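Peer 1: model the structure of this input:
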Amino acid sequence: MKVTIIGAGAVGATTADNIARANFAEEVVLLDIKEGVAEGKAQDMMQTAALLGFDTKIKGVTNDYLQTAGSSVAVITSGIPRKPGMTREELIGTNANIVKTVVENLVKHSPDVIILVVSNPMDTMTYLALKASGLPKNRIIGMGGALDSARFKFQLATKLNASPSDLNAIVIGGHGDTTMIPLIQKATWNSIPVTQFLSEEEQADIVKKTMVGGATLTALIGTSAWYAPGAATAAMVKSIVLNENKLFTASVYLEGEMGQHDINIGVPVIINKNGWDKIVPLELSSEEQAAFKASAEAVRNMNAVLKDSNFI
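Peer 2: Numbers count the residues shown, from 1 in each chain. Presented below is the predicted three-dimensional model:
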């Protein structure tokens, strides 16, 4: 079982590290365009194998897609990172060109690959990956919702003084500061609705902090976060490789589900060896439905840039 990660920056390297530590893949190929970066990080991680007790082989390569041949799963993290004050939407021009080239090279050498997109703006880059690859829709997955849901659980756990693992909470919609929808009315603490423990003001504060979670970290660190994105990506790869049938929010292609067509956007899905296997239906309130519709329109407006710029 070979997993390829395109982009050896902070998110890509952290994803590789998480996969290796979990010891479920035979080989991880880390590819970057900058000479020596992937090789150096791969060697550094391999020097932890004896200390951490994993057998996964990590190989770093410089822009050599032949080394990715036969990959079962590929993760795309490449692209410019978000800078302070920059929205995910502003990244589209540069990253679309990068992602399209990466996808074409991956499919050329691994025609049966399942592609997991992390690059921002994530929903639009996932839509581009689907159109550029020609692969079945279930083999193209956008990661963002898994990360947003983890951040939602963090905010809930902090306010409730609860263990994050005792919480069930998801975020749907676009992976953007204004487009994600934390479903706080459906969140539970070991099956008990969290709304029983939180005032309306506290609920609103948690939702707000979740939505700007990425931007908050960018302002603090000076660049995009990497620990949680890497962990979320590795968890999804693991569910594919080990056929775990885990439920994640992921950006997948809708053809009428939830009232939307021809769009990749975050909805709850089952992730297994097939990629995303099925969409889990949600009963949304009228307010949640309106928010999802507005989120989809915002994502669709970004997708229009791809068409206007002849990326698809």
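
Peer 1: now the helices for this structure?
Peer 2: 10-22, 37-46, 49-52, 92-109, 122-133, 144-160, 200-211, 213-221, 227-241, 286-308 (DSSP state H).

Peer 1: for residue 70, find the nearest of these.
Peer 2: helix 92-109 (7.6 Å; Cβ to Cβ). Every C-beta, even on glycine, is put in place using the N, C-alpha and C of the backbone.

Peer 1: spatially central, which residue of the protein would that be?
Peer 2: What sits nearest the mean C-alpha location of the chain, by Cα atoms, centre = their mean, is residue 143, with 1.6 Å.

Peer 1: which residues sit in contact with that residue?
Peer 2: Listed by Cβ atoms under 8 Å, 6 or more residues apart in numbering, the contact set of residue 143 reads 116-118, 122, 229, 232-233, 236, 250-251.

Peer 1: 7 Å instead?
Peer 2: Counting by Cβ atoms under 7 Å, 6 or more residues apart in numbering, residue 143 touches 116-118, 122, 232-233, 236, 250.

Peer 1: now it: closest residue in space, sequence neighbours ignored.
Peer 2: In this structure, residue 143 finds its nearest non-sequential neighbour in residue 118, 4.9 Å apart by Cβ to Cβ, 6 or more residues apart in numbering.

Peer 1: same question, residue 12
Peer 2: In this structure, residue 12 finds its nearest non-sequential neighbour in residue 77, 4.1 Å apart by Cβ to Cβ, 6+ apart.

Peer 1: next, that neighbour: phi, psi?
Peer 2: When read as degrees, to the nearest 10, the backbone of residue 77 gives phi -110, psi 0.

Peer 1: the longest strand along the chain to helix 286-308, inter-axis angle?
Peer 2: Criterion DSSP state E: the longest strand present in the chain is strand 261-272. Regarding strand 261-272 and helix 286-308, their directions subtend 110 degrees when assessed with axes from the mean of the first three to the mean of the last three Cα atoms, to 10 degrees.

Peer 1: in PDB, list the C-alpha atoms belonging to stretch 31-44.
Peer 2: In PDB, the C-alpha atoms belonging to stretch 31-44 read as follows (Å, rounded to 0.1, in the frame of the first residue of the first chain):
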ATOM      1  CA  LEU A  31       7.200  14.800  -3.300                       C
ATOM      2  CA  ASP A  32       8.200  18.500  -3.600                       C
ATOM      3  CA  ILE A  33       9.400  20.800  -6.400                       C
ATOM      4  CA  LYS A  34      12.200  22.300  -4.200                       C
ATOM      5  CA  GLU A  35      15.400  20.300  -4.500                       C
ATOM      6  CA  GLY A  36      16.300  18.300  -1.300                       C
ATOM      7  CA  VAL A  37      13.300  19.400   0.900                       C
ATOM      8  CA  ALA A  38      11.300  16.200   0.600                       C
ATOM      9  CA  GLU A  39      14.400  14.000   0.700                       C
ATOM     10  CA  GLY A  40      15.600  15.800   3.900                       C
ATOM     11  CA  LYS A  41      12.300  15.600   5.700                       C
ATOM     12  CA  ALA A  42      11.800  12.000   4.700                       C
ATOM     13  CA  GLN A  43      15.200  11.000   6.100                       C
ATOM     14  CA  ASP A  44      14.600  13.000   9.300                       C
END
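
Peer 1: what does it contact?
Peer 2: With contact meaning Cβ under 7 Å, 6+ apart, stretch 31-44 is reached by 4, 6-8, 13, 30, 58-63, 68.

Peer 1: okay if I get the residues you listed as JSON lines plus neighbour count?
Peer 2: Formatted as JSON lines, the contacts of stretch 31-44 follow (neighbours: other Cβ atoms under 10 Å):
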{"residue": "4", "neighbour count": "28"}
{"residue": "6", "neighbour count": "29"}
{"residue": "7", "neighbour count": "25"}
{"residue": "8", "neighbour count": "27"}
{"residue": "13", "neighbour count": "26"}
{"residue": "30", "neighbour count": "29"}
{"residue": "58", "neighbour count": "26"}
{"residue": "59", "neighbour count": "19"}
{"residue": "60", "neighbour count": "25"}
{"residue": "61", "neighbour count": "18"}
{"residue": "62", "neighbour count": "15"}
{"residue": "63", "neighbour count": "13"}
{"residue": "68", "neighbour count": "23"}
